[in-house]
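Participant: let me see the structure of the following:
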Amino acid sequence: MSSDLVLNVYLHPPILHTARAGKLGFLNRIRAVLEPRGWQINIRPSGMDARAEAPHQPGYALFNMERPTHDRALTFRLAYHYPYWRLERLAERWRWPIARARFDPSRIEDDAAANFARRLRNRVLPGPDPVRGDHILIPLQGHIRRQRSFQSASPVQMIRAAARSGRPCIATLHPKETYDQADHEALHALAREFPNLTIGGDTQALLRDCAFVVTQNSSVGFDGLILDKPVVLFGQSDYHHVCLNAARLGADEAIARAPDHAPPTGKFLDWFLRRTALDMMAPDADQRLLAAMRKGGWPVQAAAPG
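Facilitator: So this is what the prediction gives:
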């Protein structure tokens, strides 16, 4: 049964509706390379029942930002900005091959990286040139009072560590996360304890003129790299290579080093996106996609039948 060339794609709204309307470019590219090779593509709603049944369906499965349910399944996720994607066996970004790969800036050409980073910034974060202000930006994610397995401290503890530095700190809430009363009470208690701490604000505006970013592994941290900001991570991440790591250095030391941290960010962005992700605008996009499918265990022919 598992040898059947069937791909069941499990999605949640709104991306489910986008895909069914034929407007999800990444899935359209998958369809374009698989259907000529004899594959059947089915788009299905995801959810608890669908995920439980997925291992018993014929063929293979694809999820979006969800843990694959069996060894014939993969997950796909935007690599922070279009047109870059990743197709992986695992849902946790910090366990992906890119997270374990060694970044060697000496192998990246200076001019090519600088041009790429400039074009990327102008496209995805347009606006005035970023400046190094005084404040630390702390973009929050979810579960702020709990330390999870991939974190070196809970988000609340992370805020405390940043505020201890004495610098102005601004912790912003994630618009898609739900914060309960206990979460808000914990944040307000920190704000009362540290007069240099402010809760709330426009994350993107604050990012452009912050001194540096302190985060678990938020996409805001990756955008900070695009704006050439130092980033301190309190969680495992796929983009850790040029960041300061609180788990390794200690929270206070990592934050103390941040103002002077100046890694080769442009070269990293070139390597992380253009050279290692699935660039759907690259001339060899189909070949990259097919190689990722084969690496993930799908029996995809190198060439479509003539």
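
Participant: wait, is Gly22 part of a strand?
Facilitator: No - membership of Gly22 in a strand is not supported by DSSP: H, G, I helix; E, B strand; the rest coil, which gives coil.

Participant: can we start the residue count at 9 from this point?
Facilitator: Will do, 9 is the new start, and the previous item becomes Gly30.

Participant: next, count neighbours for it.
Facilitator: Neighbourhood size, Gly30 [other C-beta atoms under 10 Å]: 11. The way it works is simple: take the backbone N, C-alpha and C, and place the C-beta from them, glycine included.

Participant: how is the closest residue to it other than its chain neighbours assigned, secondary-structure-wise?
Facilitator: Once flanking residues are discounted, Gly30 sits nearest to Asn36: 6.6 Å by C-beta to C-beta, 6 or more residues apart in numbering. Applying three-state DSSP to Asn36 yields a three-state assignment of helix.

Participant: also the one 5 residues further on?
Facilitator: Using three-state DSSP as the criterion, the local structure at Val41 reads helix.

Participant: now do the contacts for it.
Facilitator: Val41 is in contact with 294, 297-298, 308, 312, counting by C-beta atoms under 8 Å, 6 or more residues apart in numbering.

Participant: which of those residues sits closest to Asp137?
Facilitator: Leu297 (35.6 Å; C-beta to C-beta).

Participant: helices and strands around the longest helix anywhere in the chain, which ones?
Facilitator: For the chain, the longest helix by residue count, based on DSSP state H, is helix 118-132. Under the contact definition 3 or more C-beta pairs under 8 Å, 6 or more residues apart in numbering; DSSP states H and E, helix 118-132 sits against helix 227-234, helix 273-277.

Participant: do you know which of those lies nearest Ala190?
Facilitator: helix 227-234 (23.6 Å).

Participant: now do the closest one against helix 118-132, angle only.
Facilitator: Here the directions of helix 227-234 and helix 118-132 differ by 130 degrees (axes from the mean of the first three to the mean of the last three C-alpha atoms, to 10 degrees).
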